[in-house]
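Chemist: any chance you can model this:
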Amino acid sequence: EVRKVRDIVNVHYALTRKMATEQDGESSAPPLSSDAASAEGAEVPTLETKAYWRKKDALTAMEQRILRMLHFDVSYCAPHEYVLNFAAALGASEAVAKLAWRAANVAVANPRSLRHDAHILAAACLWLGFEWCDVEVTERDMDELCGAGSHHSVSECIHWILKDVEEQLCTSADVHNV
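Modeler: Residues are numbered from 1 along each chain as shown. Model (predicted):
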């Protein structure tokens, strides 16, 4: 369902006021619209309109940045299905598949995941799962999954996913406690 920018700004503003009220016991932020002000019995200062337009402009600017980062392609294919299919194709253990799934969860939370195809991310995650379980996987196996010539992309993904996993998910003991 399509939402109006005004509705999003108003909801954000209402939630911000609510959180401020809960923390302070009283909100110091003025209402954005005359309707909200009249419902609360307050007068609308002239800065109200400026505050609303600043928030609306900031929201629109953020939306534009996100769309540019996505190259205006708003469809997204997550790597998880590929992780399961690749794990089955290679005869991976359940432990390897679980670790690869966890790596995929970390990968999709990183904006860098948008630069790679889902099957490349999945291959990198699966490679990490094999690595963490001390199971050897050959480059030939990975080539069969991803296509020859994709080593650079898979290696790049492995590098930043591993860094994110180490920072966000677990200690080395937790990686092995699937």
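
Chemist: which helix in the protein runs the most residues?
Modeler: helix 47-69 (DSSP state H).

Chemist: quick one: the helices in the protein, in order.
Modeler: Going by DSSP H, the chain shows helices at 5-24, 34-40, 47-69, 80-89, 94-108, 118-132, 139-146, 151-168, 172-176.

Chemist: any idea of the mean pLDDT for the second one?
Modeler: Per-residue pLDDT values across helix 34-40 average out to 49.

Chemist: tell me the contacts of the closest residue to residue 133 other than its chain neighbours?
Modeler: Once flanking residues are discounted, residue 133 sits nearest to residue 96: 5.0 Å by CB to CB, 6 or more residues apart in numbering. Backbone N, C-alpha and C define where each C-beta goes, glycine included. By CB atoms under 8 Å, 6 or more residues apart in numbering, the contact list for residue 96 reads 87, 126, 129-130, 132-133, 135.

Chemist: and the longest helix of the chain, how far from the chain's centre?
Modeler: 21 Å (CA atoms, centre = their mean, to the nearest Å).

Chemist: please compute how far stretch 4-19 lies from its chain's middle.
Modeler: 22 Å.

Chemist: tell me the pLDDT of the spatially most central residue of the chain.
Modeler: A centroid search over the chain (CA atoms, centre = their mean) returns residue 109, at 3.3 Å, as the residue closest to the centre. For residue 109, the model assigns a pLDDT of 82.

Chemist: next one: residue 84
Modeler: 94.

Chemist: how about it, what does it touch?
Modeler: 97, 101.

Chemist: ok so, going back, of the contacts of residue 96, which pair is most distant in space?
Modeler: 87 and 132 (13.3 Å; CB to CB).

Chemist: many thanks, I have nothing further to ask.
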